[in-house]
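*Asks:* Starting from these lines, generate the structure:
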Amino acid sequence: MGKIKVTECPIKGLKVIEPTVFGDDRGYFMETYNFNDYKEAGIDMEFVQDNQSCSKKGVLRGLHFQINYPQDKLVRVISGEVFDVAVDLREGSETFGQWYGVVLSAENKKQFFIPKNFAHGFVVLSDVAEFAYKCTDFYHPNDEGGLAWNDPDIGVEWPIPEGMELILSEKDQKWPGIKEFRK
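*Replies:* This is a model prediction of the structure:
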């Protein structure tokens, strides 16, 4: 392997990936994805869709998931900085309802692998952030699910600086808590 460093997270299946960056006075080069390296790291799947979004400071997107067509995701930030969160929704998992978060930025170049059946979201900490991710299934607009970003039963500790106003979509303001999801 050698081209990527993979760190297992406390919640089984979640992984933080750090690529090898080759830099000099001209700038840098890195592979953002190499099937063989990821396969060796246990991330052995076919990605079928790449997405990119741009959001301004304070935008909080999530916590989202696909209900019947769950997606594995490999996420990264190409400019700016976000705090990225995954919540375990796997039936029977010892860590069901638990969350893990990581700062992703253009500077640290970290990636976050989020397996199927996790809710996912992020908050933008920089003035602007461009967020890119690969998915193993296509987006199905009628298959969206979500959880309240501030559900006390999940207890995500969002690093929201004092005075920063959150900006949420109308949809993201209405998701239920995890108790309703457990029905």
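
*Asks:* contacting residues around the helix or strand bottoming out on mean pLDDT in the chain?
*Replies:* Each helix and strand of the chain was given a mean pLDDT (mean pLDDT, DSSP states H and E); the minimum falls on helix 178-181 at a mean of 86. Residues from elsewhere that reach helix 178-181, judged by C-beta atoms under 8 Å, 6 or more residues apart in numbering: 87, 89, 97, 145, 147, 151, 153-154. Where you see a C-beta, it was placed from the backbone N, CA and C, and this is true even at glycine.

*Asks:* pLDDT below threshold where in the chain?
*Replies:* Scanning the chain for pLDDT under 70 picks out the ranges 1-2, 182-183.

*Asks:* Strands along that one, start to end?
*Replies:* Taking DSSP state E as the test, the strands found in the chain are 4-8, 15-19, 22-24, 27-29, 49-56, 60-66, 73-79, 81-88, 99-105, 111-114, 118-124, 128-135, 144-146.

*Asks:* any chance of those strands in JSON lines, with mean neighbour count too?
*Replies:* As requested, the strands of the chain are exported to JSON lines (neighbours: other C-beta atoms under 10 Å):
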{"stretch": "strand 4-8", "mean neighbour count": "15"}
{"stretch": "strand 15-19", "mean neighbour count": "18"}
{"stretch": "strand 22-24", "mean neighbour count": "9"}
{"stretch": "strand 27-29", "mean neighbour count": "9"}
{"stretch": "strand 49-56", "mean neighbour count": "13"}
{"stretch": "strand 60-66", "mean neighbour count": "22"}
{"stretch": "strand 73-79", "mean neighbour count": "21"}
{"stretch": "strand 81-88", "mean neighbour count": "25"}
{"stretch": "strand 99-105", "mean neighbour count": "20"}
{"stretch": "strand 111-114", "mean neighbour count": "25"}
{"stretch": "strand 118-124", "mean neighbour count": "25"}
{"stretch": "strand 128-135", "mean neighbour count": "20"}
{"stretch": "strand 144-146", "mean neighbour count": "16"}
